[in-house]
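Participant: Sequence and computational prediction follow.
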Amino acid sequence: MLTQYWPILLFLCVAGGIGVALLVIGWLVGPRRPTAEKESPYECGFEAFEGTRMKFDVRYYLIAILFIIFDLEMAFLFPWATVFSKIGIVALVEMALFLVLLIVGFIYIWKKGALEWD
């Protein structure tokens, strides 16, 4: 029984070995010439103007949550579409209900102005 897992174990060992080898080679061969400019904080090409603990607007998180919701919609649609011919009309109705609920939610957040970026 365990002999069937040897290829997987071998793959994990080789992949881990390659990853560790590349890290070690980069550490051994890579240049180490730190300067004040290299060790300073970098933000998109200009000096950092605020601390790292600054408050973010809640809209950043709202957009991230909306992205996750609609990304999960696609994660449910692709497997469903591949087996659609085998699952029948009941699954079509269920997926239609799922999509209607998502569309209603999208219209709600659109009307509330959650997608507006002032």
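Facilitator: Received it, and whenever you're ready, just let me know what you need.
Participant: Confirm that residue 5 sits in a helix.
Facilitator: Yes: under DSSP: H, G, I helix; E, B strand; the rest coil, residue 5 sits within a helix.
Participant: ok, and the most centrally placed residue in the chain, which helix or strand is that part of?
Facilitator: Nearest to the geometric centre of the chain sits residue 68, at 8.4 Å (Cα atoms, centre = their mean). Per DSSP states H and E, residue 68 falls inside helix 58-82.
Participant: contacts for that helix?
Facilitator: 87, 91, 95, 98, 99, 102, 105, 106, 109, 114, 115, 117 (Cβ atoms under 8 Å, 6 or more residues apart in numbering). C-betas here are computed from N, CA, C, even on glycine.
Participant: Could you turn the buried ones of the residues you listed into a ChimeraX selection?
Facilitator: Buried residues among the contacts of helix 58-82 (16 or more other Cβ atoms under 10 Å), as a ChimeraX selection:
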select :95,106,114
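Participant: Could you find the closest non-adjacent residue to residue 98?
Facilitator: Counting by Cβ to Cβ, 6 or more residues apart in numbering, the nearest residue to residue 98 once its immediate chain neighbours are dropped is residue 76, at 7.0 Å.
Participant: CA-only coordinates of stretch 70-81 in PDB, if you can.
Facilitator: Coordinates of each C-alpha in stretch 70-81 appear next as PDB, following Å, rounded to 0.1, in the frame of the first residue of the first chain:
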ATOM      1  CA  PHE A  70     -17.200  37.100  -6.900                       C
ATOM      2  CA  ASP A  71     -14.000  35.000  -7.200                       C
ATOM      3  CA  LEU A  72     -15.800  32.200  -5.300                       C
ATOM      4  CA  GLU A  73     -18.700  32.500  -7.700                       C
ATOM      5  CA  MET A  74     -16.300  31.500 -10.500                       C
ATOM      6  CA  ALA A  75     -14.900  28.700  -8.300                       C
ATOM      7  CA  PHE A  76     -18.400  27.300  -8.100                       C
ATOM      8  CA  LEU A  77     -19.400  27.800 -11.700                       C
ATOM      9  CA  PHE A  78     -16.500  26.000 -13.400                       C
ATOM     10  CA  PRO A  79     -16.900  22.600 -11.800                       C
ATOM     11  CA  TRP A  80     -20.700  22.900 -12.100                       C
ATOM     12  CA  ALA A  81     -20.300  23.600 -15.900                       C
END
